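Undergrad: Compute the structure for the input listed below.
(chains A, B and C)
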Amino acid sequence: MMILFKEIRHNPLLWLLAFVPVVFAAEKLNPEAHTLLFVLSVLAIVPLAALLSHATESVAAKTGDAFGGLLNATLGNLTELVIALAALRAGEYMLVKASIAGALVTNTLFMLGASFLLGGLKYHVQEYNRVGTRLQSGMLFLATVALLIPSLVAKVDASADEFNQTLSLGLAVLLIVTYGLSMLFSLKTHREFFVSAEHAGDDEAPWPLGLALSTLAGVTVLVALVSEIFVESVQKAAEAFGMTPAFVGFIVVALVGGAAEMSAAFSGARKNRLDLSVGIALGSASQIALFVAPVLVLLSYFIGPAPMDLQFWPGAVVMIFIATLIAAFITNSGRSAWFVGVLLLMVYLIFAMTLYLLPPRVQ
Amino acid sequence: MMILFKEIRHNPLLWLLAFVPVVFAAEKLNPEAHTLLFVLSVLAIVPLAALLSHATESVAAKTGDAFGGLLNATLGNLTELVIALAALRAGEYMLVKASIAGALVTNTLFMLGASFLLGGLKYHVQEYNRVGTRLQSGMLFLATVALLIPSLVAKVDASADEFNQTLSLGLAVLLIVTYGLSMLFSLKTHREFFVSAEHAGDDEAPWPLGLALSTLAGVTVLVALVSEIFVESVQKAAEAFGMTPAFVGFIVVALVGGAAEMSAAFSGARKNRLDLSVGIALGSASQIALFVAPVLVLLSYFIGPAPMDLQFWPGAVVMIFIATLIAAFITNSGRSAWFVGVLLLMVYLIFAMTLYLLPPRVQ
Amino acid sequence: MMILFKEIRHNPLLWLLAFVPVVFAAEKLNPEAHTLLFVLSVLAIVPLAALLSHATESVAAKTGDAFGGLLNATLGNLTELVIALAALRAGEYMLVKASIAGALVTNTLFMLGASFLLGGLKYHVQEYNRVGTRLQSGMLFLATVALLIPSLVAKVDASADEFNQTLSLGLAVLLIVTYGLSMLFSLKTHREFFVSAEHAGDDEAPWPLGLALSTLAGVTVLVALVSEIFVESVQKAAEAFGMTPAFVGFIVVALVGGAAEMSAAFSGARKNRLDLSVGIALGSASQIALFVAPVLVLLSYFIGPAPMDLQFWPGAVVMIFIATLIAAFITNSGRSAWFVGVLLLMVYLIFAMTLYLLPPRVQ
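TA: Sure thing, here's the model as predicted:
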């Protein structure tokens, strides 16, 4: 516990943990103060996500390479998964889908763009490993395309609900099988091409296994509880701020859920270790497409009010497709400069502006 | 003739030739047994396609380099062409278009993916000539885009039939001119960038010219006759198997028609000659777009009940575009490993699943 | 003035200047002869664009590197801008948008394709700087995608006019900010990656500053006056020629407005300086997307009958997207041969044919 407190003392981001009890208290005292609860729950999730990420890395470091890598990869998007599960249980399928779409777009455009910009402000031109990156961006592109096929085919052919449901279920199974094979590939047969995300925490000493495991368990429970408050309040709070549900899921949830990974990616870029930043961004996006999205579809048969399909609204399909295409194209050269980051961030900004302005009924 | 028999004895695939007389007999005895006729005709076409491919290569080897290459390239998709002609004569335009679309997608995703996977299971990383491949994948991408333009523009603008017809005719002429120029380029001015498909049959000795020519003629007639039975039975058989016409044209016809090329591509991959596999897959797909498709449009003015346009249904447009984009992107690196093959096959599987599940009316 | 006359005597293109007084005279004598006025104004704009381009380069050469580069980049598409302004004032928004779309497509497919073909007829394989080109094509791809987002999102979501207007305005501001940053990048921080367009005029001696400035001012006024006649006559003349307004804006205006840049790009290709040709084509296209288009949106609030949005018709969106994707993909290899040029020109020809055949009502 001493280590945990020391860690908290040294990391200003973790001071936000103070908002965890505050949000629970506020929810008890005034469950109708949606806007306040929304803001407080966002402030509480950010440090919890950071803790979760550190705990996962510590467990991974202790349990050895292959299993640790598997754990790290699987729990890397745990915060997004827990938030999405809360939305799933509440039947907020629009929010679930928006957060899947948003995580893909935010990882590829915002995380990558900000890494390039932050790194580029310090270094004239940054180079990174082309071979590994091409494999990763190829994986991401194909995974994303697979995820979008039901939307693409069904959108243009306006087919029946039952068809969508069966297709989404079959697709979810295929994606999870592919995810398993990708683990075999990146952790076992071709690990030399992948920068392991563990190195992200290089500077910080790993925690002892007991502390790491109990933090992992405890913090996951806390994230789940706060996520429930977040999901309940978000709809009404969004109205108060004049935000559409698509904007909230796409931008707010994705930025909140990805905060920990982003700080690791940005710190890598500032240290001229762009391999690391690109690896985190592309890897995390692949995981959303190959693991988080299909798991949510499968779980919707058990915990949601009705099965969820993988049908995204047309604007989201366009944005996801373009974001992945851009990421694949841009990382192809293995070279970056500050303006490349500006361009990626500009496209992200335009997406955000579009979602903010979009009339709610058409999403 | 001895050589032919010896060849047949050594190649188990050719034992399927026994089904050729069987399918004719069955058609005489019971012309209404559609499912049986469908299965028998598929089993008969596969070995005929293999013979056709070997005969073409032998003629090509004898007639010398430039003319032989031209012959090889032009007759490389002869099976697909003959099957499509049978469908054209029967007025089954949906089947014709599905088989064009299917050949493009099967060549790029399945043939390439299975080559990468088979090669990757044996070799850790396989490299192939980037420069030639980039030229070829660029050619394929542009050819495919050209083929899709009427569908893309007309789909979104919902324009008149007459416009489609004129545009498709003009496009067919342009595509064939481009095909002629591409022959000039790949066989004459820049042949050093292209792996000639003749080398596929390296191990097998070429047949004498007389045998090769008579096999070519005889087998083409047989393929034409069997194709007619195939096209007549396919619609009813598909219903019996619960398959949509789109699925049959897209997946079954494409796999049956391309069997010979696939076996050449796969054997290249197993011998670590991925240049060959990639060359066959991309070259064959380009030929479908630049030669087979426009020839069918032009011939529809003479042998079909009405002129055929190049308007594909929206789902096919999406699949063709994505398959070509993926092929161009993936082959860009000149490097492959088993998981890249898995990803390509997964996208192909998802396409197949989508087509299988798609309600028939919406295609 | 002596230099100007000498220049005119040596450059046959400039002999077309004789049509400038002719078009004014014709407009006075017979303002209803639309077809004649259209042809005359086209013939008059081409040499004026060439003069404008030479004057800009001379001013740029005199005023020093950074400011000169800025000037050159900003005035490089001055002819297109002046023509579009005349159309904007006349409220011909369809023509304005078609000319933006056409300039993007013409620069990427026609200018690049003809450069590759002309160069390839003389040299077996031409190589050009991959690193700089990738940065430029990445910039172009992202700029174009940004420009298309309102069309993509609104097309599929069929949303309200007011939303489009606000989004287009916000987008215009973002694009201009990005343009400013791209100037900083290409002229200041990373200039080594960019071939400056000034070198295009290597052979010609720069004019004295006074002559250059007065030519710049005088010719801009002449282009503006001729453009007005052009815009007035184009609609009726197009009908007489059986051309749709989309075809005129897309193909005719783009070819006329870009004549000067094209002649520089082609001459670079013939001299085996493909870096120059590719730089001009990609740079000019980026400038249309990042500078000309948003400036026209902003100016429409002041000089047009109503604000203009950035909503393109679906066929234009498809063409722009495909053209940019192709340009990015093709230039990725840093290598070219004559057939690559043929392929690019073929796609351009297919676009032109489609627009020519398209029934006017559906554009």
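Undergrad: quick check: longest helix of chain A.
TA: As assigned by DSSP state H, the longest helix anywhere in chain A is helix A:209-241.
Undergrad: Spell out which parts of chain A neighbour chain C.
TA: When proximity is defined as C-beta under 8 Å from any C-beta of the partner chain, chain A approaches chain C at A:124-125, A:155, A:313-315, A:317-319, A:322, A:326, A:329-330, A:332-333, A:335, A:337-340, A:342-344, A:346-347, A:349-351, A:353-354, A:357-359, A:362-363. C-beta here means a position set from N, CA and C on the backbone, and glycine is covered the same way.
Undergrad: Among those, name the buried ones.
TA: Buried positions within those, assessed by neighbour count (16 or more other C-beta atoms under 10 Å in any protein chain shown), are A:155, A:313-315, A:317-319, A:322, A:326, A:329-330, A:332-333, A:335, A:337-340, A:342-344, A:346-347, A:349-351, A:353-354, A:357-358, A:362-363.
Undergrad: Sort out for me which of those are in helices.
TA: Under the assignment DSSP H, these contribute A:155, A:314-315, A:317-319, A:322, A:326, A:329-330, A:338-340, A:342-344, A:346-347, A:349-351, A:353-354, A:357 to helices.
Undergrad: and the stretch 201-350 of chain A, which residues reach chain B?
TA: Close to chain B, as judged by C-beta under 8 Å from any C-beta, the stretch 201-350 of chain A has residues A:328, A:332.
Undergrad: Check the stretch 201-350 of chain A for the residue nearest chain C and tell me.
TA: Using C-beta to the nearest C-beta, the closest approach of the stretch 201-350 of chain A to chain C is made by residue A:314 at 3.4 Å.
Undergrad: Can you tell me how far that residue is from residue C:317?
TA: Taking C-beta to C-beta, to the nearest Å as the measure, residue A:314 falls 13 Å from residue C:317.
Undergrad: Quick one: distance of the helix or strand hosting residue A:277 to the chain centre.
TA: Here residue A:277 is covered by helix A:274-287, with elements defined by DSSP states H and E. Distance, stretch centre to chain centre, for helix A:274-287: 11 Å (C-alpha atoms, centre = their mean, to the nearest Å).
Undergrad: Just after it, pick out the following helix or strand.
TA: helix A:293-303.
Undergrad: before we move on, back to that, which elements pack onto the longest helix of chain A?
TA: In terms of contacts (3 or more C-beta pairs under 8 Å, 6 or more residues apart in numbering or on different chains; DSSP states H and E), helix A:209-241 is packed against helix A:2-10, helix A:19-29, helix A:34-62, helix A:78-89, helix A:93-105, helix A:245-247.
Undergrad: Ok, which of these comes nearest residue C:45?
TA: Set against residue C:45 and scored by C-beta to C-beta, the helices and strands packed on helix A:209-241 come closest in helix A:93-105, at 42.9 Å.
Undergrad: C-alpha coordinates for the closest one, CSV please?
TA: Once side chains and other backbone atoms are set aside, the C-alpha atoms of helix A:93-105 remain, and they are given as CSV (Å, rounded to 0.1, in the frame of the first residue of the first chain):
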residue,chain,number,x,y,z
TYR,A,93,-26.8,0.6,-27.8
MET,A,94,-26.3,3.9,-29.6
LEU,A,95,-23.7,4.9,-26.9
VAL,A,96,-22.0,1.5,-27.1
LYS,A,97,-21.6,1.7,-30.8
ALA,A,98,-20.5,5.3,-30.7
SER,A,99,-17.9,4.4,-28.1
ILE,A,100,-16.5,1.6,-30.3
ALA,A,101,-16.4,3.8,-33.3
GLY,A,102,-15.0,6.7,-31.3
ALA,A,103,-12.2,4.5,-29.8
LEU,A,104,-11.1,3.4,-33.3
VAL,A,105,-11.1,7.0,-34.6
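Undergrad: Next SSE downstream of it?
TA: Next along from helix A:93-105, by DSSP H and E: helix A:112-122.
Undergrad: Now do that next one: which elements does it pack against?
TA: Counting by 3+ C-beta pairs under 8 Å, 6+ apart, the packing neighbours recorded for helix A:112-122 are strand A:126-127, helix A:259-270, helix A:274-287, strand A:335-336, helix A:338-357.
Undergrad: Determine which stretch of those is the most buried.
TA: Stretch with highest mean neighbour count among the helices and strands packed on helix A:112-122: helix A:274-287 (a mean of 27; mean count of other C-beta atoms under 10 Å in any protein chain shown).
Undergrad: what angle sits between that one and helix A:112-122?
TA: Orientation note: helix A:274-287 sits at an angle of 170 degrees relative to helix A:112-122 (axes from the mean of the first three to the mean of the last three C-alpha atoms, to 10 degrees).
Undergrad: Skip the chain neighbours and tell me the closest residue to residue A:272.
TA: If you skip the residues right next to it in sequence, residue A:272 has residue A:123 as its closest partner in space, 5.5 Å away by C-beta to C-beta, 6 or more residues apart in numbering or on different chains.
Undergrad: Now for residue A:320: which residues touch it?
TA: Shown in contact with residue A:320 (C-beta atoms under 8 Å, 6 or more residues apart in numbering or on different chains): A:101, A:104-105, A:144, A:147-148, A:312.
Undergrad: got a winner among those residues for most neighbours?
TA: The member of the contacts of residue A:320 that has the most neighbours, counting by other C-beta atoms under 10 Å in any protein chain shown, is residue A:104 with 31 neighbours.
Undergrad: Contacts only, for that residue.
TA: Contacts were defined as C-beta under 8 Å, 6+ apart; by that measure residue A:104 touches A:144, A:285, A:288-289, A:320, A:323-324.
Undergrad: Turn those into a markdown table, including pLDDT and distance to residue A:133.
TA: Formatted as a markdown table, the contacts of residue A:104 follow (pLDDT from 0 to 100; distance: C-beta to C-beta, whole Å):
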| residue | pLDDT | distance to residue A:133 |
| --- | --- | --- |
| A:144 | 88 | 16 |
| A:285 | 91 | 13 |
| A:288 | 91 | 18 |
| A:289 | 91 | 17 |
| A:320 | 92 | 20 |
| A:323 | 93 | 16 |
| A:324 | 92 | 14 |
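Undergrad: and of these, the nearest to residue A:239?
TA: Of all those, the one with the least separation from residue A:239 (C-beta to C-beta) is residue A:320, at 25.6 Å.
Undergrad: That closest one and residue A:134: what is the separation?
TA: 20 Å.
Undergrad: and if you look at residue A:99?
TA: Relative to residue A:134, residue A:99 is positioned 28 Å away (criterion: C-beta to C-beta).
Undergrad: Neighbour count: the two, which is higher?
TA: Applying other C-beta under 10 Å to residue A:99 and residue A:134 shows that residue A:99 carries more neighbours, namely 29 against 22.
Undergrad: In this structure that one contacts residue A:250, no?
TA: Yes. Applying C-beta atoms under 8 Å as the test, residue A:99 and residue A:250 come out as touching, 7.5 Å apart.
Undergrad: which regions of the stretch 251-363 of chain A lie under the pLDDT threshold?
TA: For the stretch 251-363 of chain A, applying pLDDT under 70 flags the ranges A:359-363.
Undergrad: can you do 90?
TA: Within the stretch 251-363 of chain A, the stretches with pLDDT under 90 are A:251-284, A:286-287, A:303-318, A:326-337, A:354-363.
Undergrad: Equivalent analysis for the stretch 1-150 of chain A, please.
TA: Applying pLDDT under 90 to the stretch 1-150 of chain A picks out residues A:1-18, A:27, A:30-35, A:38-39, A:42-43, A:45-87, A:89-95, A:125-150.
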